[in-house]
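I'd like to go over a predicted model; first the sequence, then the structure.
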Amino acid sequence: MARDHVRHVNLSDVQLAALKAAQDILDNAGLSPLDLNTNLPPSRDASPAAPSTSVQQPASPEVIAARYRPPPARLFTTDEVARGCNKINRETSVDAIIEHPLSAIVEYPQTGSAPGLAVAHVFHIDPSPNLFIHPKSNLQYSLGDSHNGRQNAQCFLLKDPFGKSVLCSKLRTSCKGLKLCSARPDDCLTHDYVDRHSLNHTSPLSHSDSPQTEAKKEVFLKTLNFFCAIKDKGCSLSSESNLDDSTNELLMYHESESTDMDSESEFDIDALSSRRERKRKTCKGNLVMLIDQFNQPFIQCEYFSTAQRAHLVLRNLQEFDTPYLHALLENDQPNIFQFEEYARAHGYAYWHRKSDGVLCQGVLRKWNHKCTTTYDIYVPNDLFDCPRVLIVSRNPHSHALPLPVKTPPAIVKCFSSLLLRLEWKLADATPRQLVLDSGFMQELRCVLGWSPTADFDPHLEDLHPSLGNLDHVRWLINVMCLDRFPNGTGFDGAKLLADEQKKLPLERRYIHCAETHCLPNVDSGLRLVICMTSRMSQHLLSSKRLSIDTSFKRVRGWQEFEIESWDDDHMRSVVSARAMTSSQTAEAHLILFRRIFEIATQDTGIPVAFYHIHGFGIESIIADGHRGQAKGLGMYCVEVSQGQSQYCIREPHRRICDLNPYDHLCRFYRLCITHFQRNILALRGQVSKNVYDVMLSLASAEAHPNIRTTLSIIRQGGKRREDKESSKFALPAIYRPMSFIPIAIWKASPTITNGNEQAHRNINRGRINLTLLAGIMRGYEYDVRATSSIDLHIIHGINTRDNKSTHLHRAKHAVSRQSKLELKVLHAILTKPIV
């Protein structure tokens, strides 16, 4: 009760300083400073400054452990040394000791400041098997040049609850030092005590140059690097290229092998590339610089000619120092040294020089000064009896400080837990998508103890500096993906998900199949994934007028097929089926339509019906005119019509079961007017205005005054125009008098596939270029939201928009849009300059 009557008072500067010191002490002890209720702003590690009235949650234990700042080691006193308190065993002793709190993360443990001196680090750990993290795994130093160990070693510094020393497994290892660029000065740097939170890695090669020198430096480095790149890659023309015999005779191929770093080849370029063997044979021609007729330099392979144009040619060399580049290509040593000596004199030719004085790119090599630091690591045989680990670090490090590029396991575990909360979104997570995901960023705020009133979000590097490397973050994401999705996020992952969904009730299934089918003349066959709910199946089989289309952007390496129709009851476009396919052939579409309607029938118990076959059911289907898609649909109708011995109403002398695929298309298939006009527009510059206008006039529901003359004019327009007309289904699909579709059904059908295009656009707004598994799950969320919206309209009458998409509303919108288009065209004509 007394706490309720405490007044907030303004603290003096001395009091604030004391509280700040207390916070630092708690920080160093690995405890949360948020237990102190002060008006002090939180540190940068926690958040920007926030008002004292905000409620800030404490950071996660992993983050608090990573923020731990170890104090300097405490030297043993003379009295303690006399009593043997510094003894590890009868033969080994240490000079100082640090005891770290539970689960503290120490990445740069203090070591002896002089040869022979040793520092003992006692780490308190959690002995639980699923929580135990070895302190050695937190070190940023690379260990392992030498190993030595033994079991049941006595350790006097680790004791059980009764004060007795315990038996341990002992490992002796050493620091491997660093790999550094050969261009770095070979100076001997030492360190023994550092703190990651106060590191300041500054490049020893940075220079302060005048603007003119800085520009020359940039040009010099760009030129030299470009030369190294083209010498490394060379002319990439390979023996697998489809060239004639004369070209192959002129080419000289060689098999590139991994080259040793001490190779004496010119400029040691092979040593700069990866040690992976190149199995592809490439052109061995030299690269030369020439000048064209406009006095512009360019580089080409020596075997390039008008008859052999596949060899390398590089132009646009304006950004390079062409005299220096020419000297490098010609191996003109006097001129090369002239340019490079100027660069050296101004302090920016700091690359490695070979014994002959030639400047070349530096390579990574081990630090010349072998590090003398050794580590003795003692782990008790029974961690529950003695939950501590001892690491003894002896001798100072004789190299530069390593960068904090390794992520401690506790931080990896924390980051992995954040990734797992993404659930299926992890299938397509990238470093960029993480920072754009508001849910992930909110979780990151909680983990970091970020201020709720901060005006910006934290960054991944606020968790640990190593996470500032996006390639490293991507690697961690991939590791989690392999663990979360053992079959991957592609077709194998989709098959696993389909198998799991087969165990669900019918009304809860979405992925009905993930199959592979053999196709004639297609080596890879057909891979097919069909996604639809039972509600989508009901809508598909109850629809009269369908629209079909394929999108290529949303799922990487797959085509997304959609069946869409207009729901008159709820005034909205509805996707009735969604499928991912790997082939666009007619046979592939036959399998696609067969499986979609089989699944719909299984979901609803209602067989598929077409109006021209059964007298009820689907009346029309509009599409973009893809030939494989159209023929596959006609082939499916042939399958459906088998056993239908009645005669066709439109052609009484023919039975329904005798119709071929194109006969069926003439009875229900329509071509999107927009796609038709777009294809004709592509020919506008190749035909006369008369032919162009005549072709556009074919898109009509009414009889043409002279159709034979019209077709004759088109045929005379040339071969490409004949190709447009030669399609067996296109003309009846745009000109109703040549089809067998009743006039009422023709006019009731939509004239364009805007419903499909809008459906693709809506779902693509989420994201494109997805993995297959992520594309399936995002499609599932989209389709479930659409179904929920329809249920909301049924139950409460609430529509998705203020204005319902009635016939009147859509007609007004179409007229308004056409008026704007006419004004735009007129404005373009009036503002066109007169030549």
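Structure received. Numbers count the residues shown, from 1 in each chain.

Please identify the buried residues of the longest strand belonging to the chain?
Longest strand of the chain, by residue count under DSSP state E: strand 148-159. The neighbour-count check on strand 148-159 (16 or more other C-beta atoms under 10 Å) flags A153, C155, F156, L157, L158 as buried. Bear in mind the C-beta positions are built from the backbone N, C-alpha and C, glycine included.

What's the separation between R578 and P742?
30 Å (C-beta to C-beta, to the nearest Å).

same question, P452
Distance from P452 to P742, by C-beta to C-beta: 65 Å.

Counting neighbours, go ahead and name the busier of the two.
Taking other C-beta atoms under 10 Å, P452 and P742 do not tie; P742 has more neighbours (17 against 12).

Next, find the distance separating the more buried one from L698.
20 Å.

What of N381?
Using C-beta to C-beta, we find N381 at a distance of 89 Å from L698.

Over to D462?
D462 sits 64 Å away from L698, going by C-beta to C-beta.

for L773, same thing?
Taking C-beta to C-beta as the measure, L773 falls 44 Å from L698.

Neighbour count for these two, which is higher?
L773 (27 against 20).

Provide a list of residues in contact with the more buried one.
Each residue near L773 by C-beta atoms under 8 Å, 6 or more residues apart in numbering is listed here: W424, A427, D428, F485, G488, T489, G490, G493, A494, L497.

Just name the closest of those residues to P661, please.
Lowest distance from P661 to the contacts of L773 (C-beta to C-beta) belongs to A494, with 30.0 Å.

residue contacts, the closest one?
Here A494 is in contact with I511, A514, V529, M580, L772, L773, I776 (criterion: C-beta under 8 Å, 6+ apart).

and stretch 743-756, C-alpha only, in CSV?
In CSV, the C-alpha atoms belonging to stretch 743-756 read as follows (Å, rounded to 0.1, in the frame of the first residue of the first chain):
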residue,chain,number,x,y,z
ILE,A,743,-26.6,-15.1,-79.5
ALA,A,744,-27.9,-14.7,-75.9
ILE,A,745,-25.1,-16.8,-74.4
TRP,A,746,-22.6,-14.9,-76.6
LYS,A,747,-23.7,-11.6,-75.3
ALA,A,748,-24.1,-12.8,-71.7
SER,A,749,-20.5,-13.9,-71.7
PRO,A,750,-17.9,-11.4,-70.6
THR,A,751,-15.9,-10.0,-73.6
ILE,A,752,-12.6,-9.7,-71.8
THR,A,753,-10.6,-11.6,-69.1
ASN,A,754,-10.4,-8.6,-66.8
GLY,A,755,-11.7,-10.8,-63.9
ASN,A,756,-8.7,-13.1,-64.2
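
can you list the weak-confidence ranges in the stretch 651-800 of the chain?
718-726 (pLDDT under 70).

Just give me the residue closest to the centre of this protein.
Closest to where the C-alpha atoms of the chain average out (C-alpha atoms, centre = their mean) is T430, at 4.6 Å.

I figured it hits L476, correct?
No - with contact defined as C-beta atoms under 8 Å, T430 does not reach L476; the gap is 11.7 Å.

In stretch 515-528, which of the residues would be classed as buried?
E515, H517, L519, L526, R527, L528.

List the contacts of T190.
P396, H397, S398.

The first one reaches T372, doesn't it?
Yes - with contact defined as C-beta under 8 Å, P396 reaches T372; the gap is 7.4 Å.

Overlap in contacts, these two.
Here P396 and T372 share the contacting residues P115, scored by C-beta under 8 Å, 6+ apart.

Could you pull out the strands in the stretch 501-650 of the chain for me?
For the stretch 501-650 of the chain, applying DSSP state E, counting those that start in this stretch gives strands covering 511-519, 522-531, 545-551, 559-567, 572-581, 620-623.

quick check: mean pLDDT across the fourth one?
Pointing back at strand 559-567 there. Confidence for strand 559-567, expressed as mean pLDDT, is 95.

can you check the third one too?
Looking at strand 545-551 alone, the average pLDDT works out to 96.

Tell me the buried residues in stretch 746-760?
S749, P750, T751, I752, T753, N754, G755, N756, E757, A759, H760.

if we can go back for a sec, and the closest residue in space to the residue nearest to the centre of the chain that isn't next to it in sequence, how many neighbours?
What sits nearest to T430 in space, not counting adjacent residues and going by C-beta to C-beta, 6 or more residues apart in numbering, is R474, at 6.7 Å. Residues lying near R474 (other C-beta under 10 Å) number 14.

secondary structure element for R474?
Per DSSP states H and E: R474 is located in helix 470-484.

List the buried residues of that helix.
For helix 470-484, the neighbour count (16+ other C-beta under 10 Å) marks H472, V473, L476, I477, M480, C481, R484 as buried.

Stretch 571-589 too?
For stretch 571-589, the neighbour count (16+ other C-beta under 10 Å) marks 571-589 as buried.

Checking I97 next. Helix, strand or coil?
At I97 the chain is in strand, as set by DSSP: H, G, I helix; E, B strand; the rest coil.

Tell me which residues touch it, please.
A73, R74, F76, N86, V119, A120, H121, V122, L157.

For L470, give me its contacts.
The contact partners of L470, by C-beta under 8 Å, 6+ apart, come to P431, R432.

just L329 next, same as before
F227, L287, V288, M289, I299.

Next, format those residues as CSV and append pLDDT.
Shown next, in CSV, are these (pLDDT from 0 to 100):
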residue, pLDDT
F227, 90
L287, 92
V288, 93
M289, 94
I299, 94
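
Please identify which pair of those residues lies farthest apart.
Within the contacts of L329, two members stand farthest from each other by C-beta to C-beta: F227 and V288, at 13.0 Å.

Pick out whichever of these two has more residues nearby.
The neighbour count for F227 versus V288, taken as other C-beta under 10 Å, is higher for F227 (22 against 14).

Identify the residues contacting the nearest residue to the more buried one once chain neighbours are set aside.
Once flanking residues are discounted, F227 sits nearest to L328: 4.6 Å by C-beta to C-beta, 6+ apart. Counting by C-beta under 8 Å, 6+ apart, L328 touches T223, L224, F227, I336.

In JSON lines, list these along with secondary structure.
JSON lines is the format used below for the contacts of L328 (three-state DSSP):
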{"residue": "T223", "secondary structure": "helix"}
{"residue": "L224", "secondary structure": "helix"}
{"residue": "F227", "secondary structure": "helix"}
{"residue": "I336", "secondary structure": "helix"}
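
which sections of the chain are below the confidence cut-off?
For the chain, the stretches with pLDDT under 70 are 1-55, 145-146, 182-188, 198-210, 238-281, 349-362, 367-369, 718-726, 834-835.

run the last query once more with 80
Residue ranges of the chain with pLDDT under 80: 1-56, 145-148, 180-189, 195-213, 236-282, 347-369, 717-727, 832-835.
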